[in-house]
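Novice: Using only what follows, build the 3D model:
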Amino acid sequence: MKKSSKVTRFNVWGYIFLIPFFVVFFIFQMIPLVKTIYYSFFERYEDGLIVVGPRFVGLENYATLFSNGDLPKYFANTMIMWVLGFVPQIIVSLLLAAWFSNPSLRLKGQRFFKTVIYLPNLIMASAFAMLFFAMFSDSGPINAMLMQMGILSTPYKYFTHTLSTRLIVALMNFLMWFGNTTILLLSGMLGISTDLFEAAEIDGATGTQIFFKITMPLLKPIFVYVLITSLIGGLQMFDVPQILTNGEGFPDRTSMTLIMYLNKHLFSKNYGMAGALSVILLIITGILSFAVFRMTAKDEVD
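Specialist: Below you'll find the model as predicted:
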């Protein structure tokens, strides 16, 4: 009984240390979430100096978002730019993690290279976006270099073409996040027992077979984590396209993301529509994250 009571006392201290987390979560996340859902059922906006509402309108805000056609378009924009950035990001990160974790390669200066590839993640997205805006402007160094090489005769207007604008946004997201993804995948690879690789080599397995038959299956939990967190980050894409396109999503709103659309409602103080869009975004994020988890972690779930 003494031992049992001692364990109980220690458990109580664990719950006490958890209290600050639950207090912060309740005040700064749970209450705002409930209020956002509540206000999404009201009409509330400002027309000049006149405040309209709040007036209960039920599902009218949601119906408006789905009926005007903007929501599907901006969702498609967001997913396209996320995929364009994530696919090369995961490929490059897997290659780098495999090289860094392979003891037979004996790569020198690993700490230096790991630090360098992670550095873009520490740069503010706004500063990064301004740098790329200057580089790809009509009179920027990219156009100057291409014209000097004879590839272009006149400056190419990158931000007036849909593909080039989306590719620049995707390139920036790739550069900002591939270092972080590499570190996560590398930590997973280093946690795999080297006995497995040695046994596979003794059995005559090639490096490619070892990677796809041993490394990738054992890396699946971390891969699922990277995929889901990257998807959530992609759905929340805002600062890079916001700065590059001055919040307009040009050309023709083809680089307008869901969060940029949400920001427009907040800027115009249309809090009812902003609340409805936030709830829809929460539902979309939950559905996609669950779908990705079910598809990529099917073996673990079953």
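Novice: Can you give me the buried ones in stretch 133-145?
Specialist: 133, 136, 142-143 (16 or more other Cβ atoms under 10 Å). C-beta: built from backbone N, CA, C; applies to glycine.
Novice: would you turn those residues into JSON lines with secondary structure?
Specialist: As requested, these are exported to JSON lines (DSSP: H, G, I helix; E, B strand; the rest coil):
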{"residue": "Phe133", "secondary structure": "helix"}
{"residue": "Phe136", "secondary structure": "coil"}
{"residue": "Ile142", "secondary structure": "helix"}
{"residue": "Asn143", "secondary structure": "helix"}
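Novice: and of the residues you listed, the nearest to Leu244?
Specialist: Closest approach between the buried residues of stretch 133-145 and Leu244, by Cβ to Cβ: Phe133, at 5.6 Å.
Novice: what's the spacing between the closest one and Thr115?
Specialist: Using Cβ to Cβ, to the nearest Å, Phe133 is found at 27 Å from Thr115.
Novice: go on, Thr181?
Specialist: Thr181 is 15 Å from Thr115, by Cβ to Cβ.
Novice: who has more neighbours, the two?
Specialist: A direct count of neighbours by other Cβ atoms under 10 Å for Thr181 and Thr115 places Thr181 higher, at 26 against 11.
Novice: got a list of what that one touches?
Specialist: By Cβ atoms under 8 Å, 6 or more residues apart in numbering, the residues touching Thr181 are 89-90, 93, 226, 230.
Novice: can you check Phe178 too?
Specialist: 88-89, 92-93, 96, 117.
Novice: buried ones in the one helix or strand it maps to?
Specialist: In the assignment (DSSP states H and E), Phe178 maps to helix 162-190. Neighbour counts over helix 162-190 (16+ other Cβ under 10 Å) mark 165-166, 168-186, 188-189 as buried.
Novice: low pLDDT regions in the protein?
Specialist: By pLDDT under 70, the low-scoring segments of the chain are 1-8, 49, 297-302.
Novice: So for it, the centremost residue is which one?
Specialist: Among the residues of the chain, the one closest to the centroid is Gly233, at 2.1 Å (Cα atoms, centre = their mean).
Novice: Identify the residue spatially nearest to that residue, adjacent ones excluded.
Specialist: Leaving aside its chain neighbours, Gly233 sits nearest to Trp177 (7.5 Å; criterion: Cβ to Cβ, 6 or more residues apart in numbering).
Novice: correct me, but the one you found touches Ser230?
Specialist: Yes - between Trp177 and Ser230 there is a contact at 7.2 Å, judged by Cβ atoms under 8 Å.
Novice: so how far is Pro103 from the residue nearest to the centre of the chain?
Specialist: From Gly233 to Pro103 the distance is 32 Å (Cβ to Cβ).
Novice: what's the helix or strand for Ile284?
Specialist: helix 271-296.
Novice: Just the buried residues of that helix, please?
Specialist: 271-281, 284-285, 288-289, 292-293, 296.
Novice: for this structure, what's the longest helix?
Specialist: For the chain, the longest helix by residue count, based on DSSP state H, is helix 70-101.
Novice: Can you name every helix or strand that that one contacts?
Specialist: helix 110-118, helix 162-190, helix 216-235, helix 258-267, helix 271-296 (3 or more Cβ pairs under 8 Å, 6 or more residues apart in numbering; DSSP states H and E).
Novice: Out of those, which gets nearest to Thr78?
Specialist: helix 258-267 (5.2 Å).
Novice: what residues does the closest one touch?
Specialist: 70-71, 74-75, 78, 235-238, 241-242, 247, 249, 271, 273-274, 277-278, 281.
Novice: try 6 Å
Specialist: 74, 78, 236, 238, 242, 273-274, 277, 281 (Cβ atoms under 6 Å, 6 or more residues apart in numbering).
Novice: mind checking how far the closest residue to Leu65 other than its chain neighbours is from Asn61?
Specialist: Sequence neighbours aside, Leu71 is the residue nearest to Leu65 in space, at 5.0 Å (criterion: Cβ to Cβ, 6+ apart). Counting by Cβ to Cβ, the separation of Leu71 from Asn61 is 12 Å.
Novice: The two: which is more packed in?
Specialist: Comparing Leu71 with Asn61 by other Cβ under 10 Å, the one with more neighbours is Asn61, at 25 against 19.
Novice: Contact partners for the more buried one?
Specialist: 40, 272-273, 276.
Novice: now Phe75
Specialist: So Phe75 contacts nothing (Cβ under 6 Å, 6+ apart).
Novice: 7 Å - rerun?
Specialist: Leu258 (Cβ atoms under 7 Å, 6 or more residues apart in numbering).
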